[in-house]
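Asks: model this:
(3 chains)
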Amino acid sequence: MKIRNTLAAFAMSGLLLLTGCGDSSDGGTAGAPASGGSGGAISVFAASSLTESFTTIGKDFETANPGTKVTFNFAGSSALATQINQGAPADVFASASPSNMKVVTDAGNGDGTATTFVKNQLVIAVPKGNPKGIKGLADLTRSGVKVALCAEQVPCGAAAIKALAAANVKLTPVTLEQDVKSALSKVKLGEVDAALVYRTDAKASAADVEGIEFPESAGAINDYPIIVLKNAPNKAGAQAFIAYVQSDKGKAVLTAAGFQAP
Amino acid sequence: MTPVAGPSALEAHLVVDRGTFRLDLELRIAAGEVVALLGPNGAGKTTALRALAGLEALTAGHVTLAGQDLDRPGDRLWTPTERRPIGVVFQDYLLFPHLSALDNVAFGPRRHGTDRRRAREQAAGWLDRVGLAEHAARKPRQLSGGQAQRVALARALAVHPALLLLDEPLAALDARTRLDTRAELHRHLAEHPGATLLVTHDPLDALVLADRLVIIENGRLVQEGDAATITAQPRTDYVARLVGLNLYRGRADGHTVVVGDGFALTTADRLDGDAFVAFPPSAVALHPSRPDGSPRNTWPATIAGIQRHGDNLRVQLDGAITVAADITPAAAAHLRITPGQSVWAAVKAAETHAYPAAG
Amino acid sequence: MTLDSDEAPGAVRPGQVAPPRRARHRRVPVALLLPAALGLAFLVLPLAGLLVRAPWSTLPQRLTEPGVLTALRLSLQTATLATLLCLALGVPLAWLLARVEFPGRRLVRALVTVPLVLPPVVGGIALLLVFGRRGLLGMWLDRAFGITLPFTTTGVVIAEAFVAMPFLIIAVEGALRGADTRFEEAAATLGARRWTTFTHVTLPLVAPGIAAGAVLCWARALGEFGATITFAGNFPGRTQTMPLAVYLALETDLDSAIVLSLILLTVSVAILAALRDKWITSP
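Replies: Modelled structure (predicted):
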């Protein structure tokens, strides 16, 4: 009985090791860079608002460049900047605001200068059907209306503060979420009546939410910069990816998602 | 200790069915009387005590205490433990470890409605009566075995129970403490006005503390009576061993009783019919060869085992009848006492006691 | 029980010598010391890392930033309230699991441990689905009483209690199972009704186990993040507990996050160290 149990334990650990070795699909270490060309694995750290569009672009890129594999790490831009500065291995960084990009370039982790590839504008996301009849920023201060904002440390939060200041609206949200997707999910769950999110986020969840435009958003547009990282394991691949993003095909995907041209 | 004549304080017929084991016992205890419940392990003594306390349910029968029915399954009448006028001293005392001796004793009166100050005064009085006044503030783990036993007794008496139940109260004590505690317990039980049931396996407890003995085996009553009668006339092997006698059952015809496989014993008493014969181990003499002279009862036997028994040796003998014999070390020195050795056993008729088996 | 009648236990009898103190300690098996040391290092080194990296020069002004004390106070308040809630509901549930035989008891016991295996964020979402504005119960609470739980301090308490209660229940159930039920019988023979027996005999007997469970519960509640931010959201002074403050500080300022973490650690360790051993171990 004891021998059987020991053998079983060995078999289990062996299995676990094998599966662990084989799976490298989430944002992990890149493989050996291919000699010349843009083959191999490319690791992209991108702001969470780029989730849907970059995933599509990544697939298109792999189709256009057989032999490549693009892996993404989507999170709040500030979290990504911290990870990059702490040494996380990545080839490309696409940020939702210039300030987070500055954090990375100031630390000397950028290769060259960052280029802005899209812009994003805020909209008011409300549940489908707009039950509370929100028409503009001023409606958000009505009693009984619960609003979720992003925390000011996050790019969409900083933009929201700018827009509200421009509209001279004093808004007390019920929560300051740590990334824009969380704010959006609160709207989808019906826990809040509105949230200030990016136009792209509202579009991506068009089934559950409506995006309401408001004029003051023009004063708080977020530039999205993108850069190759200095310690990129696959520099050639990184440059190819960025080139694809800025190509017509890439732009088409981004525009369809709701981004504006830079 | 003198029982108050009059209606019984406890009148019970305990029937507890547990599948393979069945207890069926009738008990009557008068107020002020102390009854010892004896029996071998598994006889049902503890079951009986727990049934009286309400910690186990009767299958049939009843428990009536001080004129009030506490448990009568036939009428679906059941009084839970906490409403029975009882006090229990458990074998392990079960003093509440987080309370001082004083608070342990005051626990009962408090639950019966006495306010805290008066309950503590009463408790102090009880601790004084058991001689533990200066240990009132101690926690149970700081008390010795004998002290804990006395606190447990005080705790049970403090609620003025109509029925006091003691479960092997001295079993957890060493021999020396037991002697002193037994004497003190005797005093307290004598002062207790209610009925007392003492469950024990130690005949000395019963002899010293009880007015009457009730002996059960396998859930049934086998003998009941005062100590003197039982000691003189045991009716089962167990009782005989209890009181330290050799006991045999057979048919009497005049001065002869035929026991076992036709072995005839000559006895001093004249009797006819179904009879018991008993004689103490000290009445058995051992000889290396067949003795001549007076002893009418002699037979060859083989030594089966030897133990120390106080200052003497107790020798177990196999033969026509199984016998326990006590011999002095001096006598043993003259004989060769080794297991398997053949000897001759002899018992004087005058030292035997025969009495009728029936009745 | 071989003590002489009225001697205090533990006393050294004449002619006897008490064993030397060192002899008692030498019985520790050496083979245990190495893994124990490794285990300790494993747990303590990350803390050492925080201490080394802390911005000691700017510490004083960081400590007095307004948000810091608010978040700390809120954390301590909600963790304590959550623990009280867990005690009120968890102790009776533990008693039920330990003492009452009912059909499906094993299933119930397994269900009670679900918050332990559920990722806290999922726990938060589950809480929203029940207590949220459109939740199973939340909807009724909102319509009938106007009570909403998400985005409130009460919501924080609920989220923390949800993730921490299994710790308390498991600890208390274990203690109750180990407790000797004969004391309860003794109490009954002295006239105590069932509730009185529970409060005067059972609870004091298992008090150390309850205390140990409460400590675990409090510590878990204090450190809770995922369920809190998902269910109660994040708002300074109302729902921003220390863990949330740390996470947000990480977005922009690693040093600030480290300082907040150290504050939380210091306060918790101080409180836990102040608990006397004898309160949480059985006699």
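
Asks: lowest average confidence across helices and strands of chain B, where is it?
Replies: helix B:227-232 (a mean of 81; mean pLDDT, DSSP states H and E).

Asks: quick check: residue B:175 vs residue B:203, distance?
Replies: Residue B:175 is 15 Å from residue B:203, where distance means C-beta to C-beta, to the nearest Å. For the C-beta atoms, the positions are set from N, CA and C on the backbone; glycine is no exception.

Asks: neighbour count winner among those two?
Replies: Taking other C-beta atoms under 10 Å in any protein chain shown, residue B:175 and residue B:203 do not tie; residue B:203 has more neighbours (20 against 8).

Asks: which one is that one nearest to, not counting chain neighbours?
Replies: residue B:242 (4.8 Å; C-beta to C-beta, 6 or more residues apart in numbering or on different chains).

Asks: the one you found: neighbour count?
Replies: 23.

Asks: swap in residue B:128?
Replies: 13.

Asks: what pLDDT is listed against it?
Replies: Per-residue confidence at residue B:128 stands at 94 (pLDDT).

Asks: try the one 3 residues further on
Replies: The confidence metric pLDDT takes the value 91 at residue B:131.

Asks: next, count neighbours for it.
Replies: By other C-beta under 10 Å, the residues close to residue B:131 number 13.

Asks: and it, what are its phi and psi?
Replies: phi 80, psi 30 (degrees, to the nearest 10).

Asks: list the contacts of it.
Replies: B:150, B:184 (C-beta atoms under 8 Å, 6 or more residues apart in numbering or on different chains).

Asks: tell me how far the closest residue to residue B:159 other than its chain neighbours lies from residue C:189.
Replies: Leaving aside its sequence neighbours, residue B:159 sits nearest to residue B:108 (C-beta to C-beta, 6+ apart; 3.8 Å). Separation of residue B:108 from residue C:189 (C-beta to C-beta) stands at 9 Å.

Asks: list residues touching both of those two?
Replies: The contact sets of residue B:108 and residue C:189 overlap at B:87, B:156 (C-beta under 8 Å, 6+ apart).

Asks: can you name the residue of chain C nearest to chain A?
Replies: residue C:233 (2.8 Å; C-beta to the nearest C-beta).

Asks: name the nearest residue to that residue, sequence neighbours excluded.
Replies: Leaving aside its sequence neighbours, residue C:233 sits nearest to residue A:175 (C-beta to C-beta, 6+ apart; 2.8 Å).

Asks: quick one: pLDDT of that neighbour?
Replies: On pLDDT, residue A:175 comes in at 94.

Asks: got a list of what it touches?
Replies: Applying C-beta under 8 Å, 6+ apart, the residues near residue A:175 are A:148-149, A:183, A:186, A:192, C:151, C:232-235, C:239.

Asks: tell me the residue in chain B that is farthest from the middle.
Replies: Note on chain B: the largest C-alpha distance from the chain mean falls to residue B:292, namely 41.2 Å (C-alpha atoms, centre = their mean).

Asks: quick one: buried residues of stretch A:111-120?
Replies: A:111, A:114, A:117-118, A:120 (16 or more other C-beta atoms under 10 Å in any protein chain shown).

Asks: with residue B:84 as the reference, measure out to the nearest residue to residue A:188 once chain neighbours are set aside.
Replies: Excluding the flanking residues, the one nearest residue A:188 by C-beta to C-beta, 6+ apart is residue A:208, at 4.6 Å. According to C-beta to C-beta, residue A:208 stands 67 Å off from residue B:84.

Asks: tell me which of those two has more neighbours.
Replies: Between residue A:208 and residue B:84, residue B:84 has the larger neighbour count (other C-beta under 10 Å), namely 23 against 15.

Asks: wouldn't that one be in contact with residue B:66 here?
Replies: No - taking C-beta atoms under 8 Å as the definition, residue B:84 is not a contact partner of residue B:66, at 10.3 Å.

Asks: and the residue nearest to residue B:159, how many neighbours?
Replies: Counted with other C-beta under 10 Å, the neighbours of residue B:108 add up to 27.

Asks: enumerate every residue touching it.
Replies: Residue B:108 touches B:87, B:155-156, B:158-159, C:190-191, counting by C-beta under 8 Å, 6+ apart.

Asks: turn those residues into JSON lines, columns for pLDDT.
Replies: JSON lines is the format used below for the contacts of residue B:108 (pLDDT from 0 to 100):
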{"residue": "B:87", "pLDDT": "96"}
{"residue": "B:155", "pLDDT": "97"}
{"residue": "B:156", "pLDDT": "96"}
{"residue": "B:158", "pLDDT": "95"}
{"residue": "B:159", "pLDDT": "95"}
{"residue": "C:190", "pLDDT": "96"}
{"residue": "C:191", "pLDDT": "95"}
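
Asks: which of those residues sits closest to chain A?
Replies: Nearest member of the contacts of residue B:108 to chain A, counting by C-beta to the nearest C-beta, is residue C:190, at 50.3 Å.

Asks: the closest one contacts residue B:111, doesn't it?
Replies: Yes - counting by C-beta under 8 Å, residue C:190 touches residue B:111, with 5.7 Å between them.

Asks: so what sits against both of these two?
Replies: residue B:82.

Asks: quick one: name the residues of the stretch 51-200 of chain B near chain A.
Replies: Residues of the stretch 51-200 of chain B lying near chain A by C-beta under 8 Å from any C-beta of the partner chain: none.

Asks: so where do the helices sit in the stretch 51-200 of chain B?
Replies: B:101-111, B:116-129, B:145-157, B:175-191 (DSSP state H, counting those that start in this stretch).

Asks: can you list the neighbours in contact with the second one?
Replies: Contacts made with helix B:116-129 from outside it, assessed by C-beta under 8 Å, 6+ apart, are listed as B:101-106, B:109-110, B:114, B:133, B:135-136, B:151, B:154-155, B:157-158, B:188.

Asks: buried residues in it?
Replies: Buried residues in helix B:116-129, counted by 16+ other C-beta under 10 Å: B:119-120, B:122-124, B:126-127, B:129.
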